[in-house]
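> Generate coordinates for the sequence data below:
(chains A and B)
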Amino acid sequence: MTTQALVESTSLLDAFDTLDAASPIHTLRAQAFETFQANGFPTLRDEQWRYTNVKPIAKGRFSLANPDAGQVDAERLREHLLHETPCHQLVFINGKFDESSSDLGELNSGVRLETLASVIANDFASIIEILDSTTDIHREAFTALNSSFMADGVFLHVPRGVELDKPVHVVFITVPGGEPIMTHPRVLVVAEESSKATIVETYATVGEGVYFTNTVTEIIAANNATIDHYKIERESDEAFHISSLNVTQGRDTNVTSHNFTLGGKLVRNHLNCFLKDEGCNSTFNGLVMAHDKQHVDNYLRIDHLMPNCNSWEYYKTILDDHAKSIFTGRIYVAQDAQKTDAKQTSANLLLSDTAHVTTKPQLEIFADDVKCTHGATIGQLEEEQMFYLQARGIDAASARSLLIYAFANETISEVKVKEIRDTLEAVLLDRLPQGHQLQGGL
Amino acid sequence: MTNVQTSDPLDQWVENKEYQWGWTTDIESDTFPPGLNEDVVKAISAKKNEPDWLLQWRLEAYRHWLTMEEPNWANLNIAPIDFQAISYFSAPKSDADRPKSLDEVDPKLLEMYEKLGIPLEERAVLAGVAVDAVIDSVSVVTTFKEELGKVGVIFCSFSDAVQEHPELIKKWLGTVVPPNDNYFAALNSAVFTDGSFVYIPKGVTCPMELSTYFRINAIATGQFERTLIIAEDDSYVSYLEGCTAPMRDENQLHAAVVEITTMENATVKYSTIQNWYPGDENGVGGIFNFVTKRGKCIGDRSRISWTQVETGSAITWKYPSCVLEGDDSIGEFYSVALTNMHQQADTGTKMVHIGKNTKSYIISKGISAGVGQNTYRGLVKVLPQAINSRNFTQCDSMLMGDRCGAHTFPYIEVGNSSSHVEHEATTSKIGEDQIFYCNQRGISTEDAVSLIINGFCKEVFAELPMEFAVEAKKLLEVSLEGSVG
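Below you'll find the predicted structure:
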């Protein structure tokens, strides 16, 4: 480890020392921290991080968030919860489960939906194998960092053949204080054979201040399981947000991920998907709406390891002001993965001359009988379309908003939970000039 | 090559068929002992009778090279290169009394051209092509120099240009590819031995297509070519480069640099056919081809077009690029890259849009067979000031056989909202239904594959000059023989 990295991690060392060494998970945390320290924070010299500088995080001197955040503005908290949709709702404030605002509801027989803290304390044996089997994800520095501070989060286990009645909504709220704080939530989803579940993760903040969210979600889908995953990131413009979604798919599984990036000063979303058996279907939808000086980096890697799997990636970006976006999509097709059908699209809309987009749709193919395509487009709104609308008496600002709305709505309309779809639409319209007028007309 | 001795001449013929240009002509070479240090750089410079500024330029490049690390970011598996085991200078012996006309040319050389399929006189007269044939680093024959001279076009070997037009060389050398640009460009800048120089004056459309045939001949001699093309305002030139190399067993290093500058309204079209020895079926031998090619459109409305057909070399590392500085300038890149057996290619282009309304067009076709690995790596960068820029990229890969790989690594960076960038890529297997369709109509599988491949590459071949297009088709057929069916 270089001295520079050492200096950077002193505040992390301090934070690590405050952890409860007697916790059953501490061995794993210590291992992960060792891995993290050995590699340090990624730099611009790492090909995967070429366009995203995490120095502000490395130098951020974040301390672990105080779980007792005190009084939380209930009104602003309510904004981020689901009210009309029946769901199992778990709220975490500064990384700790907040029972008063949560509503676990009744669960189907055999389904386990618990906080990670309680599983670690009471039944650590049931997750140790899962955590051990996925330690290779620690190669990713921020995942190792998450494991180093793993304390709370969600554990969802859906037994064989069970279809979860209602979506699970997990809300991670950070209440920043004077000092920069960090949280490392972890979500663990295990779907047994032929089970079905919908999970929604929301990240948001109540209050002002600098903070850092470093979250890791693991989804393990056994044969014939179906998982719908939504991630809605609405952090503040002072937030650093790093997330990692690791998906392992068994035979004939269907996994869909919807990733909405709306907030955050510096955001990096990692998605690793391993198609480990035949007949998998994977869909990855993404929408980035960034403005001001936001920096958003989406990194996806899909590993086609077995034959007859399909994967679709569809990421859309709308950038305004000085926003920056990076998309990297890597499809890897192993030699055995014949009959792979992989499709990757990165569509980018630039609304200002100071916005900047980088896209790297990559294919790495070692099998011959495959159909792999990728496409990327970068541009502005079509002049002809603007003209068409204006010729029909719609003013330029509304026409522009309408077209942006249409561009984004393609992704939003894929959301199956109506309340979330409505929320996203409202956020989108809120950002568009004359947006509310549109809402009335729609 | 296999060492199996068979008495049957037919068998022997078949064995040797894989690389039909595989032979070595025995010419007495004046070769430096292997090794690289400042003295070698000085000796090369002295041998070429170069002015002091050029020697200093070389030394500076050499010193910079020492501080650099060999790049390993490419998707290539390269055996370590021992730069001290390479001889950095090799020239046909008769340097002092160079032939004044074709009649004086060493008959062995002429014989070599025959084998290459360049009957100089015939080609020169019939095809109207001036050939500056480079054999092992020193230009031996330059034809049509006078004819070109009438319109003011300078087309000569790099060493001649240093002697005859030092002011032009001094002005332009290293302006597009600086000596410290990258590892192999720095090495080339230090030890380049020869190459071609082309200067097209203002308003001149070059009356013929310029062509150079490179050939690596002496054993274990690195070939470090330097090509410099300057096109003044309103000029046009089409430049062809084609290569074949004899069969041999150790890896040979080739690190060339090509620099092109176009001024206002000028167009340069640069076509390459590269068919160096790819190594045998076990991946032994073959050329390492690390080339830096870059063009700079400094004038408004200027245009640089790269066309390449890469079928040879064990390793190809090559990104012909365009820096579009002038407003309304255009960069084009058409490429067919084929990897068979153990060949590896990491090739593509870089289009840097700086001027307003600049356009770039990229068509890349990759074909992988055997255990070949084919990578397209491209950069399209639109700077914030390059408003209304346009790029279209299409890169298609075709896979033949289940041991090969096709990879695509595009980098697209756009810094303003008025530009449009599109990128499309597909990867697929050679169409079985298409082969079946042909078979049904009595066309053999081999011919069907050849038809399909030619169709796949049509857009690129259309950009090649006539005789090159014919050669390119043949090359693909020969290179893919036996890989399907």
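
> As a check, name the ranges of all helices in the stretch 1-150 of chain A.
A:3-17, A:26-39, A:55-58, A:74-78, A:116-122, A:125-133, A:141-148 (DSSP state H, counting those that start in this stretch).

> Just the buried positions in the third one, please.
Of the residues in helix A:55-58, those with enough neighbours to count as buried (16 or more other CB atoms under 10 Å in any protein chain shown) are A:57-58. For the C-beta atoms, the positions are set from N, CA and C on the backbone; glycine is no exception.

> what's the answer for stretch A:395-411, then?
Residues of stretch A:395-411 classed as buried: A:398-405, A:407-409, A:411 (neighbour count, 16+ other CB under 10 Å).

> how about residue 158, what does it touch?
If you meant another chain, say so; for now it's chain A. Applying CB atoms under 8 Å, 6 or more residues apart in numbering or on different chains, we find A:Val158 in contact with A:111, A:164, A:189-192, A:195-197, A:225.

> if you could check chain B rather than the one you did, that'd help
Taking CB under 8 Å, 6+ apart as the definition, contacts of B:Phe158 comprise B:169, B:192, B:194-197, B:225-228.

> out of the residues you listed, which one sits closest to B:Phe456?
B:Thr227 (29.3 Å; CB to CB).

> Show the average pLDDT along the host helix or strand of that closest one.
Assigned by DSSP states H and E, B:Thr227 falls within strand B:225-231. The predicted model assigns strand B:225-231 a mean pLDDT of 89.

> what's the spacing between that strand and its chain's center?
The chain centroid and the centroid of strand B:225-231 are separated by 13 Å under CA atoms, centre = their mean, to the nearest Å.

> could you say what helices and strands that strand packs with?
Using 3 or more CB pairs under 8 Å, 6 or more residues apart in numbering or on different chains; DSSP states H and E as the contact criterion, the neighbours of strand B:225-231 among helices and strands are helix B:158-164, helix B:166-172, strand B:194-200, strand B:236-244, strand B:257-262, strand B:267-275.

> Generate CSV for these, with distance to B:Gly405 and mean pLDDT as supplementary columns.
Output for the helices and strands packed on strand B:225-231, formatted as CSV (distance: least, CB to CB, whole Å; pLDDT from 0 to 100):
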stretch, distance to B:Gly405, mean pLDDT
helix B:158-164, 37, 85
helix B:166-172, 40, 89
strand B:194-200, 33, 86
strand B:236-244, 25, 77
strand B:257-262, 28, 92
strand B:267-275, 20, 86
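
> Now those in TSV, please, with extra columns for distance to A:Asn254.
Converted to TSV, the helices and strands packed on strand B:225-231 look like this (distance: least, CB to CB, whole Å):
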stretch	distance to A:Asn254
helix B:158-164	62
helix B:166-172	60
strand B:194-200	59
strand B:236-244	52
strand B:257-262	51
strand B:267-275	47
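
> what mean pLDDT does stretch B:391-403 have?
87.

> on that earlier part again, can I have the buried ones of the contacts of A:Val158 as a PyMOL selection?
What follows is the PyMOL syntax for the buried subset of the contacts of A:Val158, where burial is set by 16+ other CB under 10 Å:
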select buried, chain A and resi 111+164+189+190+191+192+195+196+197+225
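
> Could you dump the contacts of A:Val158 into JSON lines and include secondary structure and distance to A:Val267?
Compiled in JSON lines, those are given as follows (DSSP: H, G, I helix; E, B strand; the rest coil; distance: CB to CB, whole Å):
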{"residue": "A:Val111", "secondary structure": "coil", "distance to A:Val267": "32"}
{"residue": "A:Leu164", "secondary structure": "coil", "distance to A:Val267": "29"}
{"residue": "A:Val189", "secondary structure": "strand", "distance to A:Val267": "22"}
{"residue": "A:Val190", "secondary structure": "strand", "distance to A:Val267": "27"}
{"residue": "A:Ala191", "secondary structure": "strand", "distance to A:Val267": "27"}
{"residue": "A:Glu192", "secondary structure": "coil", "distance to A:Val267": "33"}
{"residue": "A:Ser195", "secondary structure": "coil", "distance to A:Val267": "31"}
{"residue": "A:Lys196", "secondary structure": "strand", "distance to A:Val267": "30"}
{"residue": "A:Ala197", "secondary structure": "strand", "distance to A:Val267": "26"}
{"residue": "A:Ala225", "secondary structure": "coil", "distance to A:Val267": "29"}
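
> Can you tell me which of the contacts of A:Val158 is nearest chain B?
Proximity of the contacts of A:Val158 to chain B (CB to the nearest CB) peaks at A:Ala225, which lies at 29.1 Å.

> distance of the closest residue to the closest one other than its chain neighbours from B:Ser238?
Among residues not flanking A:Ala225 along the chain, A:Ala191 sits closest, at 3.9 Å (CB to CB, 6 or more residues apart in numbering or on different chains). Taking CB to CB, to the nearest Å as the measure, A:Ala191 falls 62 Å from B:Ser238.

> just A:Met306 next, same as before
Distance, A:Met306 to B:Ser238, by CB to CB: 50 Å.

> residues in chain B within reach of chain A, list them.
Residues of chain B that fall close to chain A, judged by CB under 8 Å from any CB of the partner chain: B:73, B:384, B:387, B:397, B:399-429.

> Just the buried ones out of these, please.
The neighbour-count test (16+ other CB under 10 Å) marks B:387, B:397, B:399-401, B:403-429 as buried among the residues of chain B next to chain A.

> Out of the buried residues of stretch A:395-411, the closest to B:Tyr334 would be?
For those, the closest approach to B:Tyr334 (CB to CB) belongs to A:Phe407, at 32.4 Å.

> What score does the closest one have for pLDDT?
At A:Phe407 the predicted local distance difference test score is 92.

> There's contact between it and A:Leu351 in this structure, I believe.
No. Taking CB atoms under 8 Å as the definition, A:Phe407 is not a contact partner of A:Leu351, at 10.4 Å.

> Which neighbours do the two have in common?
Here A:Phe407 and A:Leu351 share the contacting residues A:Ile318, scored by CB under 8 Å, 6+ apart.

> ok, now how distant is A:Ser63 from chain B?
According to CB to the nearest CB, to the nearest Å, A:Ser63 stands 36 Å off from chain B.

> need the strands for the stretch 51-200 of chain B, in chain order.
Ranges of strands in the stretch 51-200 of chain B, per DSSP state E, counting those that start in this stretch, are B:90-92, B:130-135, B:138-142, B:154-157, B:194-200.

> For chain B, which residues score under the pLDDT cut-off?
In the predicted model, chain B carries pLDDT under 70 at residues B:1-31, B:90-146, B:212-222, B:242-251, B:467, B:478, B:481-485.

> tell me the centre residue of it?
For chain B, the residue sitting closest to the mean C-alpha position, by CA atoms, centre = their mean, is B:Thr272 at 5.2 Å.

> how much space is there between it and chain A?
25 Å.

> From what I see, that residue and B:Ser305 are in contact.
No. If you go by CB under 8 Å, B:Thr272 and B:Ser305 don't touch, sitting 11.6 Å apart.

> Turn the helices of the stretch 1-150 of chain A into JSON lines, columns for mean pLDDT and distance to B:Tyr376.
What follows is these, written out as JSON lines (pLDDT from 0 to 100; distance: least, CB to CB, whole Å):
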{"stretch": "helix A:3-17", "mean pLDDT": "69", "distance to B:Tyr376": "35"}
{"stretch": "helix A:26-39", "mean pLDDT": "90", "distance to B:Tyr376": "30"}
{"stretch": "helix A:55-58", "mean pLDDT": "89", "distance to B:Tyr376": "32"}
{"stretch": "helix A:74-78", "mean pLDDT": "86", "distance to B:Tyr376": "49"}
{"stretch": "helix A:116-122", "mean pLDDT": "91", "distance to B:Tyr376": "44"}
{"stretch": "helix A:125-133", "mean pLDDT": "83", "distance to B:Tyr376": "36"}
{"stretch": "helix A:141-148", "mean pLDDT": "92", "distance to B:Tyr376": "29"}
